[in-house]
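Engineer: Following is a predicted model, sequence given first.
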Amino acid sequence: LAKTTQPISMDSYEGQEVNITCSHNNIATNDYITWYQQFPSQGPRFIIQGYKTKVTNEVASLFIPADRKSSTLSLPRVSLSDTAVYYCLVVKDSNYQLIWGAGTKLIIKP
Amino acid sequence: GAVVSQHPSRVICKSGTSVKIECRSLDFQATTMFWYRQFPKQSLMLMATSNEGSKATYEQGVEKDKFLINHASLTLSTLTVTSAHPEDSSFYICSATGILSTNEKLFFGSGTQLSVL
């Protein structure tokens, strides 16, 4: 399973766009990329998932370059409630044995 | 999305007692469930994977006799922490996957905070 690397922490301000980049150099052909958000003492919450190029949903966008060795989660116009830990994971299509890295602790300031 | 219900959300017990945590998939058949533990300010650590009707597969270093996992139906898995000790105090999270038509394939419970006195 491919391990991911992402910044330990990031700060931003309300209303800004936040981009969190994750590297996954050993991603395999059938793997896809998933991002989760976790608040303290809660289970992780799915944000977005993609295989290549760009995916957008109502809360975020995910940019994946052609070589798929990295991906960037983009959160538009963040608010204080977006303060959380964000995890980037590589997922095999056939099972969900995930390797959880340290995640990125995102702190949004007023 | 699909819903995974986990409870209790918080449990405090005395050292030496056993604690059972339930994880239920409410609106889909969970063919596979995962159990994690998470210490404060750390990431999730996979403890075991259970497929319905089969024995759980435990990760290296996880005592199967201490952390009993049962996945007897397609909607319920339980984790029993036997003879709990203070070092077992942690946040336990379950997740489930199954045959789903949604883009999101893996769903998490809300977690159980176990405190062993």
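Structural biologist: Ah, there it is.
Engineer: so where is the chain shaky, pLDDT-wise?
Structural biologist: Looking at chain A here, since you left the chain open. Within chain A, the stretches with pLDDT under 70 are A:1-2, A:93-94.
Engineer: nope, chain B please
Structural biologist: Within chain B, the stretches with pLDDT under 70 are B:1, B:103.
Engineer: which residue does chain B bring closest to chain A?
Structural biologist: Residue nearest to chain A within chain B: B:Phe108 (3.6 Å; CB to the nearest CB). In short, each C-beta sits where N, CA and C put it, glycine included.
Engineer: Verify the contact between that residue and B:Cys94 for me.
Structural biologist: Yes: proximity of B:Phe108 to B:Cys94 meets the contact threshold set by CB atoms under 8 Å, at 7.2 Å.
Engineer: Please list all residues in contact with the residue in chain A positioned nearest to chain B.
Structural biologist: Checking chain A residue by residue against chain B with CB to the nearest CB singles out A:Gly43 as nearest, at 3.6 Å. Neighbouring residues of A:Gly43 by CB atoms under 8 Å, 6 or more residues apart in numbering or on different chains: B:Val4, B:Gln6, B:Ile93, B:Ser95, B:Phe108, B:Gly109, B:Ser110, B:Gly111.
Engineer: can we see that at 6 Å?
Structural biologist: By CB atoms under 6 Å, 6 or more residues apart in numbering or on different chains, the contact set of A:Gly43 is B:Ile93, B:Phe108, B:Gly109, B:Ser110, B:Gly111.
Engineer: B:Glu87 belongs to a helix?
Structural biologist: Yes: B:Glu87: assigned to a helix according to DSSP: H, G, I helix; E, B strand; the rest coil.
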